[in-house]
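Trainee: based on what follows, work out the 3D shape:
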Amino acid sequence: MEGQRASPRPCTEPIFVGFAGRIGAGKTSAATYLTHKYGFQYKRYSQVLEGWASTETPDRDRLQQFGWDVMTGGLQAELNARLIGGIDSSRSAAIDGLRHLIDFQCLSSAFGRSFEMIFLEARQEHRFERLKARFSTPAAFDAADSHSVEAQIDDLRSRASLAIRNEDSPGRLYQQLDAWLATRRLGDRP
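Mentor: Numbers count the residues shown, from 1 in each chain. This is a model prediction of the structure:
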C-alpha cells in the first residue's frame with residue numbers, strides 16, 4: 001500500500017556489518033565491540049590475507065604489500081570469496097577492514113539487504129595517537145597510511161549506511177553503534 005514503510009527486519013534475521021576507514025579510525029574496536037556485546041562473528045580481511053600469504057604471520061608492511069599484490073593481480077574477488085566462505089550466514093557478522101569498492105560489492109552481493117557498511121573517520125593526529133605502539137614515528141605511520149593499498153578507502157564513505165567521527169572515547173563509539181543497531185532491531189543478542 002502506498003505510504004507504508006517496509007517493516008524492520010526481525011531480531012532473528014542476521015545482519016552483516018562491514019567496517020571501513022583509514023588506519024587507526026577504530027574499525028577493529030567497533031567490530032570487536034559487536035562481537036563481544038552482541039555475539040556477532042568477527043571476520044577481518046587481514047586475517048584472510050595472513051592465511052593466504054603463508055603459514056607464518058607476516059609483518060604489517062609485508063601484509064600491506066601482499067594485499068596490494070592481490071588487488072593489482074585481479075585477485076580481490078578471490079580474497080572476498082575466501083572471507084565470505086568463512087562466514088556462517090545464519091549468524092550476524094562484523095567484518096573489519098573493507099578497503100576497495102569491490103569489497104563492498106562482493107559483500108552486498110553475498111548478503112543483500114542484510115549487509116550494511118559503517119565508515120569510521122578520525123583526524124590523522126588522533127589515528128596516530130591510537131597506533132603509537134605500532135608506529136614509532138609519525139613518518140612510519142604516514143608511510144603505512146599512504147600505501148597504495150589504502151588509496152581507495154575514502155571512496156567507500158559514500159556507500160556507507162552510517163559515517164561515525166570517532167575522536168571521542170571508545171564508550172561514545174559504542175553508544176553510536178548501539179543506537180544504530182537499535183534502529184534496525186537486529187543483532188544476535190545474548
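
Trainee: drop to CA atoms for contacts and neighbour counts, all remaining ones
Mentor: OK.

Trainee: can you list the weak-confidence ranges in the chain?
Mentor: Across the chain, the stretches falling below the confidence threshold (pLDDT under 70) are 1-12, 55-58, 185-190.

Trainee: and the longest helix for it?
Mentor: Among the segments of the chain that qualify as a helix by DSSP state H, the longest is helix 170-184.

Trainee: how about that helix: buried residues?
Mentor: 173, 174, 177 (16 or more other CA atoms under 10 Å).

Trainee: alpha carbons only: can I get it in PDB?
Mentor: Taking only C-alpha atoms (Å, rounded to 0.1, in the frame of the first residue of the first chain), the coordinates of helix 170-184 have been written out as PDB:
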ATOM      1  CA  PRO A 170      35.500   4.300  23.000                       C
ATOM      2  CA  GLY A 171      32.300   4.500  25.000                       C
ATOM      3  CA  ARG A 172      31.000   7.200  22.700                       C
ATOM      4  CA  LEU A 173      31.700   4.900  19.700                       C
ATOM      5  CA  TYR A 174      29.900   2.000  21.400                       C
ATOM      6  CA  GLN A 175      26.900   4.200  22.100                       C
ATOM      7  CA  GLN A 176      26.600   5.200  18.500                       C
ATOM      8  CA  LEU A 177      26.800   1.500  17.400                       C
ATOM      9  CA  ASP A 178      24.200   0.600  20.000                       C
ATOM     10  CA  ALA A 179      21.900   3.300  18.800                       C
ATOM     11  CA  TRP A 180      22.400   2.300  15.100                       C
ATOM     12  CA  LEU A 181      21.700  -1.300  15.800                       C
ATOM     13  CA  ALA A 182      18.600  -0.400  17.900                       C
ATOM     14  CA  THR A 183      17.100   1.300  14.900                       C
ATOM     15  CA  ARG A 184      17.400  -1.900  12.900                       C
END
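
Trainee: which other helices and strands contact that helix?
Mentor: Helix 170-184 makes packing contacts with helix 27-38 when contacts are defined by 3 or more CA pairs under 8 Å, 6 or more residues apart in numbering; DSSP states H and E.

Trainee: so what touches the helix it packs on?
Mentor: Outside of helix 27-38, the residues that reach it under the criterion CA atoms under 8 Å, 6 or more residues apart in numbering are 19-21, 40-42, 93-97, 120, 170, 173-174, 177, 187-190.

Trainee: again, but for stretch 133-145
Mentor: 22, 23, 61, 128.

Trainee: then it to CSV, C-alphas only?
Mentor: Extracted in CSV, the C-alpha atoms of stretch 133-145 (Å, rounded to 0.1, in the frame of the first residue of the first chain):
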residue,chain,number,x,y,z
ALA,A,133,52.8,1.4,19.9
ARG,A,134,52.7,0.1,16.4
PHE,A,135,54.4,3.0,14.6
SER,A,136,57.4,4.5,16.2
THR,A,137,57.2,7.8,14.4
PRO,A,138,54.6,9.9,12.5
ALA,A,139,56.6,9.3,9.4
ALA,A,140,56.2,5.5,9.8
PHE,A,141,52.5,6.0,10.3
ASP,A,142,52.2,8.2,7.3
ALA,A,143,54.0,5.7,5.1
ALA,A,144,51.6,2.9,6.1
ASP,A,145,48.6,5.3,5.8
